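K.L.:
Sharing a model prediction with you, sequence too.
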Amino acid sequence: MQLGTRWSVGGAAPADLDAPVLGAIASVERELAEQGVDASTWRWTLTWLERRPVVELDDGTVIRVDAVTGEAHVHEPADDED
């Protein structure tokens, strides 16, 4: 695993992320805004695992890229409670 970087919600994501990941980040941030969540102090953390990005938000939301399809998948903390 290689540490990437951190940035604030609403801030500019690293330019080396692929469009599906950037789209997933934008989608999560849009959903937070629509729900009225104050995420002004939250940050994203980017790490690289087997040369693929793993992006995690302070609330536990994780975005991973499918190795086969290249699609970005959002896993929210509530997804793991079932």
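P.N.:
Everything's here; your move. Numbers count the residues shown, from 1 in each chain.
K.L.:
just checking, residue 17 is part of a helix?
P.N.:
No. Counting by DSSP: H, G, I helix; E, B strand; the rest coil, one finds residue 17 to be coil, located in no helix.
K.L.:
pretty sure it is touching residue 53, no?
P.N.:
Yes. Between residue 17 and residue 53 there is a contact at 5.9 Å, judged by CB atoms under 8 Å. Every residue, glycine included, has its C-beta placed from N, CA and C.
K.L.:
Look at residue 8 and say how many residues are nearby.
P.N.:
If you count neighbours by other CB atoms under 10 Å, residue 8 ends up with 13.
K.L.:
Please apply the same query to residue 20.
P.N.:
Look at residue 20: counted by other CB under 10 Å, it has 17 neighbours.
K.L.:
That one and residue 74 touch, don't they?
P.N.:
No. Because the distance of 10.8 Å does not satisfy CB under 8 Å, residue 20 is recorded as not touching residue 74.
K.L.:
In stretch 8-25, which of the residues would be classed as buried?
P.N.:
For stretch 8-25, a neighbour-count test (16 or more other CB atoms under 10 Å) marks 9, 13, 17, 20-22, 24-25 as buried.
K.L.:
Please apply the same query to stretch 50-70.
P.N.:
53-57, 61-65.
K.L.:
distance between the ends of it?
P.N.:
One end of stretch 50-70 sits 13 Å from the other (CA to CA, to the nearest Å).
K.L.:
ok so, going back, what is in contact with residue 17 and residue 53 at once?
P.N.:
Here residue 17 and residue 53 share the contacting residues residue 46, scored by CB atoms under 8 Å, 6 or more residues apart in numbering.
K.L.:
As PDB, could you dump the C-alpha coordinates of the least confident helix or strand in the chain by mean pLDDT?
P.N.:
Ranked by mean pLDDT, DSSP states H and E, the weakest helix or strand in the chain is strand 2-8, scoring a mean of 83. Below are the C-alpha coordinates for strand 2-8, written out as PDB (Å, rounded to 0.1, in the frame of the first residue of the first chain):
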ATOM      1  CA  GLN A   2       1.200   3.500  -0.800                       C
ATOM      2  CA  LEU A   3      -0.100   6.600   0.900                       C
ATOM      3  CA  GLY A   4      -1.400   9.200  -1.500                       C
ATOM      4  CA  THR A   5      -2.800  12.400   0.000                       C
ATOM      5  CA  ARG A   6      -5.600  14.000   1.900                       C
ATOM      6  CA  TRP A   7      -8.000  16.800   0.900                       C
ATOM      7  CA  SER A   8     -11.100  18.400   2.300                       C
END
